[in-house]
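Enquirer: Attaching a predicted model along with its sequence, questions to come.
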Amino acid sequence: MTAGPVLRLDGVRKRFGDTEVLGGVDLTVGEHDVVALIGASGSGKSTLLRCITLLERIDDGQIWLRETDISDPRVPADRIRARIGTVFQQFNLFPHIRVIDNVTLASRKVLKVPRAAAEARALELLDRVGLADKAREYPDRLSGGQQQRVAIVRAIATNPELLLLDEITSALDPELVAEVLDLVRDLSTEGTTIVMATHEMAFARDVADRVVFLDGGVIVEEGPAAEVFQRPREERTRAFLSRFLGPS
Ligand SMILES: Nc1ncnc2c1ncn2[C@@H]1O[C@H](COP(=O)(O)OP(=O)(O)OP(=O)(O)O)[C@@H](O)[C@H]1O
């Protein structure tokens, strides 16, 4: 028996005022898939991720997280967010609490994991990313790359079914980008299901199984990363990629 998809979007539409920002998006993400959302600034990548994590409510369509219709307004958002780890461009660590408390907060408050167990898991994860010695620090004592690795650890601490990454290296100094991307690469190798919006085309090409090109709030093209990058079918995809990768 094959497991059903982790995430399924059916005809998702989102408007801000009179402007339609997502114009009917269908997307299926299977277990262990790593999907890269690419597209120009303003194409709707962040909005799509924000709709999946219920920071925005959709105007039409449905979003399924496994068997749960999470677009149903009766579904409690905090329960869903504990099932979806999210990391944004700006390091969203709480500045007034220590690294370890940032990492354990959702486990303790939402999933009611006892503090000792939550901290043991947090330390194990922090150790894996080389940051166990920072557990008792406040976030502003860490570099941007270290903060973003903590944000990723926080996102995976609840064992989410899906990890959403929204331009997580855009605010980093160039020399700090690699340490964050290496961690994402490790997670993908371990089988974490990931949807990431990214401008890092080389990374998307190397790590993603599937690439989804958004333009004007609709999916123009999607397919295996190697195919979309090497032989884009659509002119709009070609034009977009040639700006990043040079003409093919
Ligand atoms: N809260 C909001 N209110 C009004 N318009 C919004 C809001 N959020 C996003 N938009 C608009 O929706 C469109 C899509 O924005 P979105 O941030 O999803 O694009 P993006 O592809 O993620 O861009 P970038 O690569 O720059 O992050 C843009 O035109 C943006 O101005």
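Expert: Noted; the coordinates are in hand.

Enquirer: Now do the contacts for the residue sitting nearest the centre point of the chain.
Expert: Closest to where the C-alpha atoms of the chain average out (CA atoms, centre = their mean) is Leu164, at 1.7 Å. By CB atoms under 8 Å, 6 or more residues apart in numbering, the contact set of Leu164 is 49, 52-53, 84-87, 194-196. Bear in mind the C-beta positions are built from the backbone N, C-alpha and C, glycine included.

Enquirer: next one: phi and psi at it?
Expert: Backbone torsions of Leu164, given as degrees, to the nearest 10, read phi -110, psi 130.

Enquirer: Would you mind measuring from it to Asp18?
Expert: 27 Å (CB to CB, to the nearest Å).

Enquirer: any idea how far the nearest residue in space to Pro114 that is not next to it in sequence lies from Arg149?
Expert: Leaving aside its sequence neighbours, Pro114 sits nearest to Arg108 (CB to CB, 6 or more residues apart in numbering; 7.8 Å). Counting by CB to CB, the gap from Arg108 to Arg149 is 21 Å.

Enquirer: Look at these two and report which has more neighbours.
Expert: With neighbours defined as other CB atoms under 10 Å, Arg108 and Arg149 compare such that Arg149 has more, 28 against 17.

Enquirer: show me what contacts the more buried one?
Expert: By CB under 8 Å, 6+ apart, the contact list for Arg149 reads 129-131, 179-180, 183.

Enquirer: Report pLDDT for it.
Expert: Looking at Arg149, its pLDDT reads 91.
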